[in-house]
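Q: just a sequence and a predicted model for now, questions to come.
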Amino acid sequence: MRHLILITTIALVMLSCSSNEIVKQEPINNDSLTISTLKEWRDSHFGMFIHFGVYSELGGIWKGEKIPYYGEQIMNHARITIPEYEEVARNFNPEQFDADAIVQLAKRNGMKYIVFTTKHHDGFCMFHTETTEYNIVDFTPYGKDIVKELADACHRHDIGLGFYYSLPDWHYPKGIERLEPDENSDCTEYVNQVYSPLEIITPELEDYIALQLTELLSNYGDIVTIWFDMGLLKPEQSIRFRNIVKSLQPKCLVSGRIMNNCGDYMTLPDNGDVAYYANIFWDNPASLYNTWGYKSWIQRPEVSLQTKRQIDRLLNTVSNGGVFLLNIGPDGKGNVIDYEKDVLNGIGDFLLANPDTLSRVKHNEKTKPSIKPDNDIIVLTDDNGTKHAAIDATGYISTQTDSWRSWTIETDETAEYDVFVIYLPDNEDKKYILHNNNDTLIHTLPGVDKMKQTSYAGRIAINKGTSKFILDQYERCRPLEPLGLNLYCIILRKTKQ
């Protein structure tokens, strides 16, 4: 069976680079169970992401030095050898981790499910596994299965549980061959990655992952989603991992970061731009600052400003049809830091004071009031139209927020209109298609001097009643190619009879 990212009610339109033929990508995974499960998940609106592991013990510091970039990837950024990192793991003892308190924090503040890092790129397993002793039960003084603690708490308090799972594994001995850490270069240069998030999955690692997925989906009750991350997967590997998930838990949703069109829903890039991704399911992973794992020295904005920012991101995500997944990073002892509690409680206070907010804004299709002629002129702008995103789930970067534009026009009579496009080009000359009902213009917009241009595109017929006007690329050489212009407006001027 072919696996394509779920698209529920309309096909995505993509134009080939060699012709102007419109190619439709038809829905595949549209069985009733998947669709109903996705709808339930989307109606949850808001989830908690938790990045917690051995890296939390270091808090962004290695050998007295503040290490930049993501705290959870400190093993790479600080050039930490595997034996050195193992010593950190040997002393990892998050004795203050309180699963019930974390679940209650999430639930009190409107979050309906939690996604927890069962294994990050460092390869350390936060669950008990038979595949390696490099796990929190067998390798640390803590000696307990934190994933089980969290799963039990989620089930007690009736909140969903999902698992983050890294596909690359920097500790696995039969993964890719490792370079020796380069101690001569400055880690702040962000070069010479000893360990990379985008690594191929060797056959041995593939089998290892398969065994761990089987454990995770067999030992902790019902799981909402498997949130895969990173790696460079072959299509057959993506298919294998998906099939394992679905065979064990048919209702468990697979994130789009499994790549190769094998996910049930799309995941935006980390802290990515939100757009209206029409008729697909997607989530928006967000952090409070430029790290996901705990960093003791990170600069934190004032709580009220951070709270407002996250409320705005939540509403923007939900109004565009997505699910907001907001991260916390407990410290090495397992504590949720006060700052992050305060921000979450601030969001919760807002939702408690405005209980209908998310249901009121959800599934906002971003439709505008229809545009009508004014003195025989129709003006189409970003404000009265819709900007459409592009989707390509074959790789890690899978979305692009400005692929094509549309407007809804309402006229009292059928007439022809001259079309003028006012724009600032992002490219050299580029060919576009302007479409309304059954009438189409194909026109090249000049890229002269990269300055504001007005270009006459030709004459188009607009039928009486309501119709949709579309501006798109005539040739798209890659699925995520952007529209390629900053549009000021399109002016439609009714021709004299």
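A: Great, that's in hand.
Q: only C-alpha atoms for contact and neighbour calcs from this point on.
A: Will do.
Q: can you pull up the bridge partners for residue 377?
A: residue 374, residue 493 (DSSP bridges).
Q: that one: neighbouring residues, count only.
A: 15 (other Cα atoms under 10 Å).
Q: tell me who's in contact with it.
A: 491-494 (Cα atoms under 8 Å, 6 or more residues apart in numbering).
Q: go on, residue 82?
A: Residue 82 neighbours (Cα under 8 Å, 6+ apart): residue 171.
Q: between the contacts of residue 377, which is nearest residue 271?
A: residue 491 (35.1 Å; Cα to Cα).
Q: returning to what we had before: may I see the contacts of residue 377 arranged in TSV, with distance to residue 76 and neighbour count as well?
A: Shown next, in TSV, are the contacts of residue 377 (distance: Cα to Cα, whole Å; neighbours: other Cα atoms under 10 Å):
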residue	distance to residue 76	neighbour count
491	53	19
492	55	21
493	59	20
494	62	20
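Q: just the mean pLDDT for the longest strand along the chain, thanks.
A: When the chain is scanned for its longest strand (criterion: DSSP state E), the result is strand 399-411. In this model, strand 399-411 carries a mean pLDDT of 86.
Q: other SSEs contacting it?
A: strand 386-391, strand 465-473 (3 or more Cα pairs under 8 Å, 6 or more residues apart in numbering; DSSP states H and E).
Q: now do the helices in the stretch 301-450 of the chain.
A: Using DSSP state H, counting those that start in this stretch, the helices of the stretch 301-450 of the chain run over residues 303-319, 338-353, 357-361.
Q: so how far is the shortest one from its chain's centroid?
A: Which is helix 357-361. Taking Cα atoms, centre = their mean, to the nearest Å, the mean C-alpha location of helix 357-361 is offset from the chain mean by 21 Å.
Q: which residues sit against that helix?
A: Taking Cα under 8 Å, 6+ apart as the rule, helix 357-361 contacts 45, 315, 318-319, 351.
Q: remind me which residues of the chain are low pLDDT?
A: Counting by pLDDT under 70, the chain shows low-confidence ranges at 1-30, 179, 181-194, 277-279, 363-368, 396-397, 450, 497.
Q: domain ranges for this protein?
A: 31-361, 377-494 (automatic domain parsing).
Q: what is the end-to-end distance of the longest one?
A: One end of domain 31-361 sits 27 Å from the other (Cα to Cα, to the nearest Å).
Q: center of the chain, which residue is that?
A: residue 268 (2.1 Å; Cα atoms, centre = their mean).
Q: so who does the residue nearest to it when sequence neighbours are not counted touch?
A: Nearest residue to residue 268 in three dimensions, chain neighbours excluded: residue 284, at 5.4 Å (Cα to Cα, 6 or more residues apart in numbering). Neighbour list for residue 284: 267-272, 274, 317, 322-325 [criterion: Cα under 8 Å, 6+ apart].
Q: cool, residue 137 as well?
A: Residue 137 neighbours (Cα under 8 Å, 6+ apart): 127-128, 143-145.
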